[in-house]
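Peer 1: Just a sequence and a predicted model for now, questions to come.
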Amino acid sequence: MLLNMKEIVLVVGGGIAGLETARELKELGLSPVIVEKSSSLGGHVAQWNCLFPDMTPARKVLEPYESALKDVEIHLETEIASINRLQKGYSVVLSDGAAVPCKAVVFATGFKLFEAEKKEEYGYGVYDRVITNRDLENWFNTGSDSRVPEKPSAIGFVHCVGSRDVKAGNTQCSKVCCITAIKQAIEMKEKFPNAEIYCFYMDLRLFGKKYEDFYINAQKDYGIHFIRGRVSEVSETIDGRVLVKAEDTLVGKPVKVRLDLLVLMAGIVCNKENQQLLQAVSLPVDEDGFFRSKDNIASITESDRDGVFFAGTCTGPKTIPETIAEARSAALNVYNYLKSRR
Amino acid sequence: MIVDRFSNGFHPFVLPFLIGMIFVLGYCVYGIIRILVQLPRDDRRKFLISLVTPKTAWKNVKDIFLNCLLHVKLWKRNKVLGYMHSSIAFGWFMIILLGHIEVMLFLPHRIRLFYYPIFFNFFVAETESTIQGAVLFFLMDLFLLVILSGIVLAMIKRVRSRWFGMRRTTRASLLDTIGLYSLWAIFPLRLLCESFTAHISGGSFLTLPMNWIFRQFLGNELNYLPTWWAYSIALGVFMTVLPFTRYMHIPAEMMLIPMRNAGLHILHPRKGFARVQFYSCPGCGVCIDACPMSVRKENLKDCTVYLNRQLRRGNEKRIEEISDKCLMCGKCTQVCQVEVDGPQMRLAQRSMRSYGINQHYSKLSAEDHLNRIGTAKVLYFAGCMTHLTPGIRKAVGSVLDKAGISWTMMDPEGGLCCGRPMMLAGRREQAREMARVNREIIRNSGCDILLLSCPICYKIFKDKYNLSGIYVVHHSVFFDELIHSQRLHVSRDEALKLAYHDPCELGRGCGIYDAPRSAVSAVGTLVEAAKNRNESICCGGSLGSLSLSFEKRKDITVNSLNNLKAGDPDMIVTACPLCQSTFGKYSDIPVKDIAQILDSSIRER
C-alpha cells in the first residue's frame, strides 16, 4: 500500500502551507523537499504574535513542524532556477545548484502583503505615526518600534488598505484583515486601557467561527469605536500626531479624528514575483494575479497540468485553518495522483 | 494681343460651375449670418470690432495667408504633407488670382462675369504674343504643375498614409469621397482643356507642347469642348458637395481665424463659435494618433475628429459619450493644424447638462479658513490632490524651510476645493462660488505669493481667479527661481538619469516647460521622453474624464510610462501630484515630484 519512499515531491515555499503539505506528504510515505527563498521557515505566520480567535501564540502553531520535518530535505535561501518536464515528473534545478528529480510539485508560494506606501494618502512612510498590521505584530513581538508612542490616547485602524480597491489594482477581499483589526484593536486596548480606539471599515466580513463574538466583545467589553466609511486622507498635525479625515456613512457626515497611532490593515495581494514559476510549467495566472486552480469549487488544490498542485494563499486570500486544510488536501491529491500513475 | 472669341462672352458649359459657385457662396453667406446671429451680443460686438481694428485685421490677413494658403504649421510638422497641402491651396489661389489679373489686364470689361477668370483660355484668342501674356501664361502653367504635383502626392497618401507619418486616419464618408475625386479631377482636366485650346488662346511650357502632341493624333477641335464641359462639371460637383464634406474646412477656417483672434470663447457646443470650430475640422485624423485613449481600440472613435463629425451630424448620444470620456489633456488641439479646440467644445457640451441635484456653495465662508492660517508672504495651497500625496506636501514645506522662506499653509487641515473639478464637469456656477470664497481667503491673508503644487489648481488660480498683484506660481517654477537666485543650493548627481513628464495642465495648460526642466537638471541628468513638451502623453489619471473607468486607464498609463522610459532613466520626475500617484501604481522605476528630488539633494550651507 505504501508508496516508494524514493518518490520525491517538491514543495515550493516554507510557509504554513508548505510546512503542512510536507508534513502530510511525509505521513503518507513520500519524500517532500522544501525550497524556501528566505532564510527561515514559517512565512508570514512566523512574523505574527497571536492569532485570532483564541489568541493562540503564532509560534505554538509552528512549533510542531520542527520535529515533524526533522529528516526532510530543506533548502533555505534558495529559489527555483528552472523546471523541466520529464516523461514521469519534473526535473527541478535550484539556485544553490542542486537538481531535484521529483514526481510532483506543490506550489505553496503564498502571498504578499500590500505595500502600504502605495496608498500614499494614508501617509505610510511619510508620517512617523503610521504603521501597518505587520509592523504592529512585530512590535508585539519585539517591543521596539519608535513609531509606536509610549502612552497613546487615540489609536485608529484602517481596514481594506490595498484590498477591495480598484484604484490600488486589487479587487479581492483579503478575508483576514477585518478580524485581524479587531484582534489587534483588542490587544491595544488591553495594553492601553485609556486609549480611544477607532476602526474605519467599509464592511465587516466576520464569517469564521467565533469571529462575530469577537466583534461584539470588542464593542461591548472593550468599547472600541467602529466607524463605517473609508478614510479619505491622513495629514500630520503640528504636534506630530496624525489627523484622519473620513466619512461616517451611517451618520452621513464627514469626521476628523486626531490620533497618536494609525494602523493600516494592509491586505493580501498576489506575489507577482512568483508568477514566473507558473510560466515555467506553462500555466496561466488568474485574472486577479493569483494562481489559477483547475476549478474553484472541487479542485482548488489542483492545476490544469499533471503533477502540479497548489496549497494555501498562492490561489487567493485564506485564513490559517483554511490553509492548513488545503495543504493536507494537496498532499492527499499528490498521493492519489502518484498512486494512479503506478 | 488677346481678344474675345465670343461677342456675348458666354457658353453653356460654364453653367455647372456657375450653379456650384452660386450655391456654395449662398451657403457660406447664410452660414456666416447664422453664426453671427447665434453669437452672444457681447461676443458679436467684440468680433465685429476686431475686424475693423487695424492690428487684428492685419493679424487676420497674415494668419489666413500663412495657415490657409501656405500651411506653415503643417510644414513644421511634416514637410511632405506641408508641400502637398500648400501646393494645392496656394497654387489654386494663385491660378484664380492670375486669372483675374489676366482679365483685368486684357479684357477689363469682362471682369463682371465671374466665371471669366476661371475659363479665360476658352473665351480668348491670342492674336500676337506680348511680354505680359508670356509671363502670365508661364506662371499659370507653373502653378498648375505645382498643384498637379500636390495631387499626385495626395493620391499616393490615399493608398500609403504611413509613408506620410500617419498611423491612423479617418474613413471618408461617401460625400467626402465624391468631393475628393472631384477635387482630384479638376486640375488634370484643366490641364487637358487648356492644352486643347492652347493654339488659339496661347499657352506656355506645359500647355503648348501638349497641344502639339495632341494635335498629332487626337484632333484638338473635336476634344476641347467636351473637356471644358468636364472641367466645369468637376468644379460644379466639388462646390455643390463642399458644404456637406470635410472640405467645408476651407471656408470655415477663414472664419475661425478672425474669431479666434478676436478672443472669443466657446460657450455653446452647437452655436456660434463652436459651429465654426467643428466646420473647420479637416477630418485629417492627426488627433487619433495623438489621443492618449487611442492605445485602446474601443476608444479610437472618442477623439476630437469624431466629435466634430458627430456634431455635424447631430448624433446626440455619441456627442454626450465622446464629451464625457475625454481626459481633457489638450493634445488634439496641440497637434491640430487648424487648432480646433476639442476640449473646450466638450466642456461646453458638459455645461449643457441639467443635474437632479445642484449643490449650492453660497453659504461657504472665508472666515473659518482665515482663522486657521497664519500670515506670511508666501501662502501655500496644497489642494486636494497634494493632500492625497503627503510626500509632496512635506517636501514642498521642507524645501521652503531650507530656503529660509516665511510661508504659511492655506489649507492646513484641508481647505476648499479650487473649483477646477467642477469647471471640468461643466458646472461653472459651482466653480465660481468656490472661487469667490477662495479669492476672499487669499486676498485677506495678506500674501504676496500664492504657491501651488497641483497644476490642476494652478491653472484655475492663474486663469480665472483674477488675483492681480499676487504672484501665482507653481512650485516647480518657484523652486527653479530659488535655485537661480542662490537661495537653494542643490548637489547634482551627473550619473542620475531623470526623465521629466510634462503634466498636461502645467505644460499644454499653462505653457510651462522650461522651468521644471531646469530644476530637474539641477539634481541630475535630464533625459527626454520620446514625446515630450507640448506633445507629452497624459498619464491617464486625469480628472477631466467623467466616464473612463480605472481599469481602462491602465493601458493609457502604461503607454505613457513606456514613452517616458525612452531615454532609459533611473527615475521619472513630474510636477503634478495626480500624475505622480497615477504613474506610481504601474511604474517599475521610482516616480517622484520635483519637490521631492530637490528636497533630498539640497546642500546645507
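Peer 2: Cool, the structure landed.
Peer 1: downstream neighbour of the strand or helix carrying B:Ile250 in the secondary structure list?
Peer 2: Using DSSP states H and E, B:Ile250 falls within helix B:249-261. For helix B:249-261, the following helix or strand on the C-terminal side (DSSP H and E) is helix B:273-279.
Peer 1: got a pLDDT number for the residue nearest to B:Tyr513 when sequence neighbours are not counted?
Peer 2: Spatial nearest neighbour of B:Tyr513, excluding adjacent residues (Cβ to Cβ, 6 or more residues apart in numbering or on different chains): B:Arg533 at 5.0 Å. Quick note: C-beta positions are derived from backbone N, CA and C, even for glycine. B:Arg533 is assigned a pLDDT of 93 by the prediction.
Peer 1: Equivalent analysis for B:Arg5, please.
Peer 2: What the model reports for B:Arg5 is a pLDDT of 86.
Peer 1: Which positions in the stretch 1-150 of chain A make contact with chain B?
Peer 2: Proximity of the stretch 1-150 of chain A to chain B (Cβ under 8 Å from any Cβ of the partner chain) is limited to residues A:118, A:120-121, A:123, A:125-127.
Peer 1: Is it possible to mark the buried ones in the residues you listed?
Peer 2: A:118, A:120-121, A:123, A:126-127 (16 or more other Cβ atoms under 10 Å in any protein chain shown).
Peer 1: Low-confidence ranges, chain B, go.
Peer 2: B:605 (pLDDT under 70).
Peer 1: Now do the residue of it found nearest chain A: how many residues are near it, please.
Peer 2: Relative to chain A, the nearest point of chain B is B:Leu388 (4.0 Å; Cβ to the nearest Cβ). Using other Cβ atoms under 10 Å in any protein chain shown, B:Leu388 is surrounded by 21 other residues.
Peer 1: Contact partners for the closest residue in space to it that isn't next to it in sequence?
Peer 2: Leaving out its chain neighbours, the residue that sits closest to B:Leu388 by Cβ to Cβ, 6+ apart is A:Glu121, at 4.0 Å. Contacts for A:Glu121 (Cβ atoms under 8 Å, 6 or more residues apart in numbering or on different chains) come out as A:232-234, B:387-390.
Peer 1: Can you tell me which of the residues you listed end up in strands?
Peer 2: A:232-234 (DSSP state E).
Peer 1: so which of those are also by chain B?
Peer 2: Okay, of these touching chain B (Cβ under 8 Å from any Cβ), that's A:232-234.
Peer 1: Same list (those) but as CSV, adding neighbour count.
Peer 2: Formatted as CSV, those follow (neighbours: other Cβ atoms under 10 Å in any protein chain shown):
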residue, neighbour count
A:Ser232, 16
A:Glu233, 18
A:Val234, 28
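Peer 1: Put together a markdown table for those residues, with distance to B:Val378 and pLDDT on each row.
Peer 2: Shown next, in a markdown table, are those (distance: Cβ to Cβ, whole Å; pLDDT from 0 to 100):
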| residue | distance to B:Val378 | pLDDT |
| --- | --- | --- |
| A:Ser232 | 27 | 91 |
| A:Glu233 | 23 | 90 |
| A:Val234 | 25 | 93 |
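Peer 1: Surely the residue nearest to B:Tyr513 and B:Pro503 touch.
Peer 2: No - with contacts counted by Cβ atoms under 8 Å, B:Arg533 stays clear of B:Pro503, the gap being 11.7 Å.
Peer 1: Look at those two and report which has more neighbours.
Peer 2: A count of neighbours by other Cβ under 10 Å puts B:Pro503 above the other of B:Arg533 and B:Pro503, at 31 against 15.
Peer 1: Give me the distance between stretch B:179-193 and the centre of its chain.
Peer 2: Here stretch B:179-193 is found 30 Å from its chain centre; the criterion is Cα atoms, centre = their mean, to the nearest Å.
Peer 1: Now it - C-alpha only, CSV.
Peer 2: Extracted as CSV, the C-alpha positions of stretch B:179-193 are listed here (Å, rounded to 0.1, in the frame of the first residue of the first chain):
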residue,chain,number,x,y,z
GLY,B,179,-15.6,65.7,-53.0
LEU,B,180,-12.2,64.1,-53.0
TYR,B,181,-12.4,62.6,-56.5
SER,B,182,-14.0,65.8,-58.0
LEU,B,183,-11.1,67.8,-56.4
TRP,B,184,-8.6,65.5,-57.9
ALA,B,185,-10.3,65.6,-61.3
ILE,B,186,-10.4,69.4,-61.5
PHE,B,187,-6.7,70.0,-62.2
PRO,B,188,-5.8,67.3,-64.7
LEU,B,189,-9.0,68.4,-66.6
ARG,B,190,-7.9,72.0,-66.5
LEU,B,191,-4.5,70.9,-68.0
LEU,B,192,-6.2,69.0,-70.7
CYS,B,193,-8.7,71.7,-71.8
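Peer 1: what sits up against that stretch?
Peer 2: Residues from elsewhere that reach stretch B:179-193, judged by Cβ under 8 Å, 6+ apart: B:121-122, B:144, B:147-148, B:151, B:154-155, B:158, B:172, B:206-207, B:210, B:224, B:227-228, B:230-231, B:234-235, B:237-238, B:241-242, B:245-247.
Peer 1: Tell me which of the residues you listed fall in helices.
Peer 2: B:121-122, B:144, B:147-148, B:151, B:154-155, B:158, B:207, B:210, B:224, B:227-228, B:230-231, B:234-235, B:237-238, B:241 (DSSP state H).
Peer 1: Break the chain down into its structural domains.
Peer 2: As the question left the chain open, I've gone with chain A. A:8-110+A:271-339, A:116-268 (automatic domain parsing).
Peer 1: oops, I was thinking of chain B
Peer 2: Split by automatic domain parsing, chain B gives B:79-250, B:265-351, B:366-480, B:489-599.
Peer 1: and A:Trp139, that's in a helix?
Peer 2: Yes - per DSSP: H, G, I helix; E, B strand; the rest coil, A:Trp139 lies within a helix segment.
Peer 1: mind listing what it touches?
Peer 2: With Cβ under 8 Å, 6+ apart, A:Trp139 has these contacts: A:131, A:145, A:148.
Peer 1: May I see those organised as JSON lines, with secondary structure added?
Peer 2: Shown next, in JSON lines, are the contacts of A:Trp139 (three-state DSSP):
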{"residue": "A:Ile131", "secondary structure": "strand"}
{"residue": "A:Asp145", "secondary structure": "coil"}
{"residue": "A:Val148", "secondary structure": "coil"}
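Peer 1: Now, of those, which are buried?
Peer 2: A:131, A:148.
Peer 1: could the contacts of A:Trp139 go into TSV alongside pLDDT?
Peer 2: Below are these laid out as TSV (pLDDT from 0 to 100):
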residue	pLDDT
A:Ile131	97
A:Asp145	94
A:Val148	95
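Peer 1: The contacts of A:Trp139 into JSON lines, with extra columns for distance to B:Gln359?
Peer 2: Shown next, in JSON lines, are the contacts of A:Trp139 (distance: Cβ to Cβ, whole Å):
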{"residue": "A:Ile131", "distance to B:Gln359": "37"}
{"residue": "A:Asp145", "distance to B:Gln359": "44"}
{"residue": "A:Val148", "distance to B:Gln359": "41"}
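Peer 1: Many thanks, have a good one.
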